[in-house]
Every structure is written in structure tokens, then in C-alpha cells.
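> Sequence plus the predicted model coming up.
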Amino acid sequence: MRFRQDINALRALAVSLVILYHFRVPGFSGGFVGVDVFFVLSGYLMTGIIAASLESNSFTFRGFYHSRARRIIPALAALCVALLLFGYFYLPTSEYRALIREIKSSLFFYSNIDLAASGGYFDTPPAEHWLLHTWSLSVEWQFYMLYPILLVGIHRLAGPLRLFSCVVFVGVLSYGLSILLTPHFPQHAFYALPSRAFELLAGAAVYLRPLALSNSLRRFFLVLGAVLIVACATILSDQYAWPGYLAGLPVLGTVLVLLAQSDANAFRFAPVRHLGAISYSAYLWHWPMVVVLYFCGLLSSPVWIAAGIAFSLAAASLSFRYVESRFRKSEQPGRSLACYFTVIVIVVAASAGLSSVAKRYPDIRPAILQQGQPNYQSALYEQQCAPNPYGAADCILGRGDVKAILFGDSHAQSHAAAVQINNQGAALEWALGGCPLLLDFTMGDKERQTKCQQFNREKLNILQSSYDRVPVVLFNYYSLYMDSEHRGTFVSAVSGKGGDKLREAYAAQFESIVCDIAKTHPVYLVRPTPKMPFNVYKGSVLQRRLFGTQNDFSIPLSEHLSRNADANFLVDQAANGCGAKVIDPTPLLCPDGKCLGTFRQEPLYFDDNHLVDAGGQLIKGLFAQVFKDHIVGDKRHREATQD
């Protein structure tokens, strides 16, 4: 196939959009559509290779797979080896072993399947996967495995004239599947080949049925296609369900540019040509740099972002010159193909060996010299927990009479230390991670939904009949549940009063539950804890190792308040409607307009939103009001009983 400047320019545009999106450059909130552009180009080029070989009767599966392995494997293996060495010196044991598992899934091209099972591409925090971006390579490789079989089968059974109609038919089925799956199974829709195949097949259709266009129509297609792609990259965001029907827009834009077959002078601009040539390596190398900046808390710094992009492009240029360009077409594709896969096996075997060594002999690695990871389990109080079918924390904290009940999700656990600092007696802790304080709702994880509903119903029934007048302190990660409507991972629908809109229905049911508790207990609603844009512990450790610094992390108070505006409104509405009181950790966690992630170089969080003991100590005294009110309430109750 002849070299086309427009295809090279599309590669340059696609990788630019992805890089700008991943480095969180303002204005490119939809830059992830660059991957969709890549898929269309891949489908076009692969169809060209296969169809041309079929026409000349020279197609062989061995030759095709060799050409794909030669294109993909060397640069990917080089990246994995580099990360393996980097992790050996800089990552703690748990992170290093997780990286090695990612290397295995990436080199064996099933990382998309792993990621679909573990979480969504847009879930927080995505940057904790060093090889997250290889999901698209896995999709492409799976396509390469199946697609030539499909085309060869159609060519032999139905003839070459049926190729186009069959490709379009399968593509339409795939697009329909994507639209159907995206709202209900977003992770699988995003990562799986069946719901992504339409993008590759769109490129295939363009190759199989090119259009003869006038010069004016070519220019129109070119401009319209480019505008569609750029508009998607600048207007869309991860708040939209993806891929779904919206993915048809960047796909259509790419199809229009391919149909235009333009040779515009802008495509010959040296930086465009170079970026298009190194686009694959640039895609590979930019993401680990994003992860480094994320872990170091530097992904919001314009200077570090610019440095990260520059480093990514420099590494890509070196990879293109010394890795990609070193592998040429072989006269013995079978032997070369075996060599490529031998390299994969060697790298994976070496990774597995290093993983075992890191586990059994951790002291031999420089990375073991690290500050200790803060314990999620507090050391500030003793607890006794009972087994339960929900996988929840159902515990008694401290000793003595029960003076408070902490009820909610994992934030009830992460705030328990701060509560117990002021508690002279015991407290009950009822906490189920990822569980909104609702009864009748829908979430993407059906198992979690069932356990959550049963857990909440059980504890609410207990509150109706037991622990009369004992204060109940409610914790929930409201912003996570309320902001996940587009993904379906958490709360996607709430039944009852409030109408069809999620927030209104959520607020109505939540207020109803709070008011029911308030009939027999004093209720305290805790406002949201600030959420850091990175894992605080990992960031402080990696920053110290890489840059020799250990600066305190923080985010602007305004960012915290903006992110939790809806959650705070929900809390205020329920408190006003039910006579509950509000407890706000913000003034203590966010002094002087900054919400602290570390204080005096000590992490306040286990990850990016769960407080550890250092954070609990920082907000000590916050819950003293709960126990003062309890003493006064008991005194008034005794007086009323005596009267």
C-alpha cells in the first residue's frame, strides 16, 4: 500500500489528542477519541494489506501475523523491560508485583479483558495502572487474530464482491451492541472487541468501497471530518457514556478524512510527518510518564506537564529510531514470528522471576528503602468485629457502653479514629464500602447492590428497635455515588419520590431514611472529606525517590467545594428536613484555603480519599459535640422520666 500523507497526519492528530487528554491539558477533555481514530485507521490499513494479498493470491496467515508482530511487539517489549527496571529501583514491592502482572497481560494481549473486570477506564484513579493504555493494543491484536480469518472465509465462500456488504453488516451489529452495552455494562463495552469492532470495520468499509469525489467535495469531506474529530476532542468529556452511539462521531470524522484522500500541504509539515511516524512509540511512552506525574502529585503543574510531554516525545523518537526501525520484513516470516513470541515469553518469564525474588528477598531492592505505608486499620483504638454475609465492617470499637453508632460506607471506617479520640466509651461501626445510604436503587455491580440493600435494611431495622437515643453518625462518599450516573458503576437510578432525575430521587430517598433514623436517635451528617487527585502515600514515596524532595501535597479549597457542591446541598437538605446536625471536617483539613494531602511530610490518607490515623489526629475534637449532646440528652431524658 502506498504511503499516504493524510493517514500519517491522522496518526499525528490522534496521538496528540490522546497525549493532551492524558496529561490533563485544558481544552482536550475528549482527547480519548484519538484511540477511536487509531482504530479506524487500523481497520483501513489491515483491510488494505489483506485484500490486496487476496487479489494477487499471495496472502498467507503467517506473513500477515509476522507483519503485525514486527510492528507491535518490539517497541512494546522494550517499554515493558524499561518499566521492569524502573520498578526494580523505584517501586515498593506491592506496586512492583502489580506492574509485573500488567506486563504479563499486556504482552499476552489480554489487558483489555483484565481491565474490564477490574474497573472502568474513566474510574478514579486510572493512573494507578502503569500499562492501562495497552488495552487498545490488546483489542487490535485480538482483531488481527480474527479478522483475516473472516475476510479469507468470505472471499472464498462468497467471493470478493461480498466483502464490503459482509463487513458493513458485522460493523452495524457491533455498533448496535456498543449502544446496547454501554449504559448497562460500561466497562465491557469500553474494553471488549465486539463493542469496538465497528470502529475498525468502518475503516475497512472505506478501503473496500472508496468514493470518486470531485475536488470541492474532497475539500468539504476533509474539513468536515477534521472538525468532527477536533470538536469531539474539545467538547466531549469522560462524563459521557463511551463508546455508545457518540463514538460514531469521531469514527465518521475519520471516515470522511480517509474518503477525501487529501494531500494537503499541511500534512507535509515536518513536525506533523515526524509525529505521525513516531505515533505508536509516542502512544506507548507517554502513559508511564503520566503515571509518574500522577503519583508525585505533579499532574496539575503546567511546568511538569510540559516536561512530561517533551520527555514522552523524546523517548518515542529514540524508540522509533532504535527499536521500531530496526526490524525489517523477513524472508522467513515463520522463523521471525517465532522469535518475536520467544521474546515475549522471555520477558514474561523474567518478570515472573523478579516478582518472586521481590517477594521472597525484598531487602535486595533499593525500593525497599521506603517510608512505611500507613495502615488502613487504626492503631488508636481496639475493635472486635463480627463476620457477616455482606463483607462489611460490623464492629465494636473500644470498651464500655455504646455512646455512638458510625453508619455508612468505608468513610465510616476511615473517620472512626477521629470519633474514638473523643469517646469515653464504645462505638458501633457499621460500614460497607461502596454502599450508598439508600434502600431502593440500581447500580452496575448487582452483587454489591444486593448486599448493600440487605445490609442497610438490617441496620435500619436495628435502629428502629434498639440503642434508643444513641447518636448515629452518618458517613457516605456522596459525590462518587451521585456523579456516576453516566457510567452505571455506582448509582444509576433511585426509586420513589423525586422524579426521574437521579439527584432529586437520590435526595428524596436519602432524606426519608435520615428522618426515619432521627425519630429515635440524634443524627449527625458528616460532610465529604477532600479527595486528592492522586494516591498520597505512593506520591510522597515516589517523589522522594525520583526527585529527592518531600513536599507537602494539597489542593485548593475551591476545588474541593466545587466537586462536592451537590453532596453538601444533599447533606444540608436532609439536615434541615430531619432536624439533624452537620459535622464538617473541611476547616480542619483545609486550613488557609488549601486541603492537605500530607502534613509535615506525613500522609493523611491511605489512598486519595480515606483518612488514616494522621488524618484522624488532625481533626481530633471534631466529633466531641456528639458525646456532649449525648450526655445532655441522657440527662434530660432521665429528668423527664423522673417527672
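Thanks, I have the structure now. Numbering: from 1, shown residues only.

> Distance from stretch 40-59 to the middle of the chain?
35 Å (C-alpha atoms, centre = their mean, to the nearest Å).

> Go through that stretch and flag the buried ones.
Neighbour counts using 16 or more other C-beta atoms under 10 Å place 40-51, 53-54, 59 of stretch 40-59 among the buried residues. To be clear about C-beta, it is placed using only N, CA and C from the backbone, and glycine gets the same treatment.

> Flag the shaky bits of the stretch 451-600 of the chain, pLDDT-wise.
Applying pLDDT under 70 to the stretch 451-600 of the chain flags residues 483-489, 496-500, 548-550.

> what sits against the residue lying closest to Asp263 once chain neighbours are set aside?
Distances taken as C-beta to C-beta, 6 or more residues apart in numbering put Gln5 closest to Asp263, at 5.5 Å, once the chain neighbours are dropped. Shown in contact with Gln5 (C-beta atoms under 8 Å, 6 or more residues apart in numbering): Ser262, Asp263, Ala264, Phe267, Arg268, Arg273.

> For those residues, which single residue is the most surrounded?
Within the contacts of Gln5, most neighbours by other C-beta atoms under 10 Å means Ser262, with 22 neighbours.

> quick revisit: which ones among the contacts of Gln5 lie within helices?
Arg273 (DSSP state H).

> which secondary structure elements does the longest helix along the chain contact?
What stands out as the longest helix in the chain, according to DSSP H, is helix 61-90. If you count contacts as 3 or more C-beta pairs under 8 Å, 6 or more residues apart in numbering; DSSP states H and E, helix 61-90 packs onto helix 33-55, helix 93-107, helix 135-157, helix 279-295, helix 302-322, helix 333-360, helix 536-547.

> May I have stretch 286-306 exported as CSV, CA atoms only?
C-alpha atoms of stretch 286-306 as CSV (Å, rounded to 0.1, in the frame of the first residue of the first chain):
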residue,chain,number,x,y,z
HIS,A,286,3.6,8.9,27.2
TRP,A,287,1.3,7.0,29.6
PRO,A,288,4.1,5.8,32.1
MET,A,289,5.2,9.5,32.3
VAL,A,290,1.6,10.4,33.1
VAL,A,291,1.6,7.8,35.9
VAL,A,292,4.9,9.2,37.4
LEU,A,293,3.5,12.7,37.5
TYR,A,294,0.2,11.4,38.9
PHE,A,295,1.9,9.5,41.7
CYS,A,296,4.1,12.5,42.5
GLY,A,297,1.2,14.9,42.7
LEU,A,298,2.6,16.9,39.8
LEU,A,299,-0.1,16.3,37.2
SER,A,300,-1.6,19.8,37.8
SER,A,301,1.7,21.6,37.3
PRO,A,302,2.0,23.2,33.8
VAL,A,303,5.8,23.1,34.0
TRP,A,304,5.9,19.4,34.8
ILE,A,305,3.2,18.6,32.3
ALA,A,306,5.3,20.3,29.6
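
> buried sites along it?
286-299, 304-305.

> now that stretch, how far from the centre of its chain.
16 Å.

> List just the nearest of the contacts of Gln5 to Ala98.
Arg273 (37.9 Å; C-beta to C-beta).

> Identify the residues contacting that closest one.
Gln5, Asn8, Ala12, Phe267.

> Next, format those residues as a markdown table and append secondary structure.
A markdown table is the format used below for the contacts of Arg273 (DSSP: H, G, I helix; E, B strand; the rest coil):
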| residue | secondary structure |
| --- | --- |
| Gln5 | helix |
| Asn8 | helix |
| Ala12 | helix |
| Phe267 | helix |
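
> What's the separation between the residue nearest to Asp263 and Asn535?
43 Å (C-beta to C-beta, to the nearest Å).

> re earlier: next, give me the two most distant ones among the buried residues of stretch 286-306.
Spatial extent of the buried residues of stretch 286-306 (C-beta to C-beta) is set by the pair His286 and Gly297 at 18.7 Å.

> low-scoring pLDDT stretches of the chain, where are they?
1-2, 119-127, 328-331, 366-376, 483-489, 496-500, 548-550, 630-643.

> residue boundaries of the strands in it?
For the chain, applying DSSP state E gives strands covering 383-385, 393-397, 402-408, 426-431, 441-443, 472-475, 491-494, 523-526, 554-556, 581-583, 594-596, 598-599, 602-603.

> I figured Pro288 was touching Leu79, is that so?
Yes: between Pro288 and Leu79 a contact is recorded at 7.4 Å, counting by C-beta atoms under 8 Å.

> For the contacts of Arg273, name the two members farthest from one another.
Those two in the contacts of Arg273 that are separated most widely, counting by C-beta to C-beta, are Gln5 and Ala12, at 10.3 Å.

> Would you mind measuring from the residue nearest to His129 when sequence neighbours are not counted to Asp114?
Leaving aside its chain neighbours, His129 sits nearest to Glu102 (6.3 Å; criterion: C-beta to C-beta, 6+ apart). Per C-beta to C-beta, Glu102 is found 8 Å from Asp114.

> sorry, back to before: turn the strands of the chain into JSON lines, including mean neighbour count.
Compiled in JSON lines, the strands of the chain are given as follows (neighbours: other C-beta atoms under 10 Å):
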{"stretch": "strand 383-385", "mean neighbour count": "13"}
{"stretch": "strand 393-397", "mean neighbour count": "20"}
{"stretch": "strand 402-408", "mean neighbour count": "24"}
{"stretch": "strand 426-431", "mean neighbour count": "23"}
{"stretch": "strand 441-443", "mean neighbour count": "20"}
{"stretch": "strand 472-475", "mean neighbour count": "25"}
{"stretch": "strand 491-494", "mean neighbour count": "21"}
{"stretch": "strand 523-526", "mean neighbour count": "24"}
{"stretch": "strand 554-556", "mean neighbour count": "18"}
{"stretch": "strand 581-583", "mean neighbour count": "17"}
{"stretch": "strand 594-596", "mean neighbour count": "21"}
{"stretch": "strand 598-599", "mean neighbour count": "20"}
{"stretch": "strand 602-603", "mean neighbour count": "22"}
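
> need the ones you listed in CSV with distance to Pro250, can you?
CSV is the format used below for the strands of the chain (distance: least, C-beta to C-beta, whole Å):
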stretch, distance to Pro250
strand 383-385, 50
strand 393-397, 44
strand 402-408, 40
strand 426-431, 42
strand 441-443, 29
strand 472-475, 41
strand 491-494, 25
strand 523-526, 42
strand 554-556, 32
strand 581-583, 45
strand 594-596, 36
strand 598-599, 40
strand 602-603, 40
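
> so what's Gly171 up against?
So Gly171 contacts Ala197, Phe198, Leu201, Ala202, Ala204, Ala205 (C-beta under 8 Å, 6+ apart).

> Tally up the residues packed near the third one, please.
Spelled out, it's Leu201. Leu201: 30 surrounding residues under other C-beta under 10 Å.

> That one touches Leu173, doesn't it?
No: with contacts counted by C-beta under 8 Å, Leu201 stays clear of Leu173, the gap being 9.5 Å.

> gap between Ser300 and Ala277?
Taking C-beta to C-beta, one finds Ser300 at 31 Å from Ala277.

> Repeat that for Glu511.
59 Å.

> same deal with Leu161?
36 Å.

> Can you list which of the contacts of Gly171 are found in helices?
Short answer: these in helices (DSSP H) are Ala197, Phe198, Leu201, Ala202, Ala204, Ala205.

> Give me the nearest residue to the fifth one, chain neighbours excluded.
Nearest-residue entry for Ala204: Thr47, 4.0 Å, with adjacent residues in sequence omitted and distances by C-beta to C-beta, 6+ apart.
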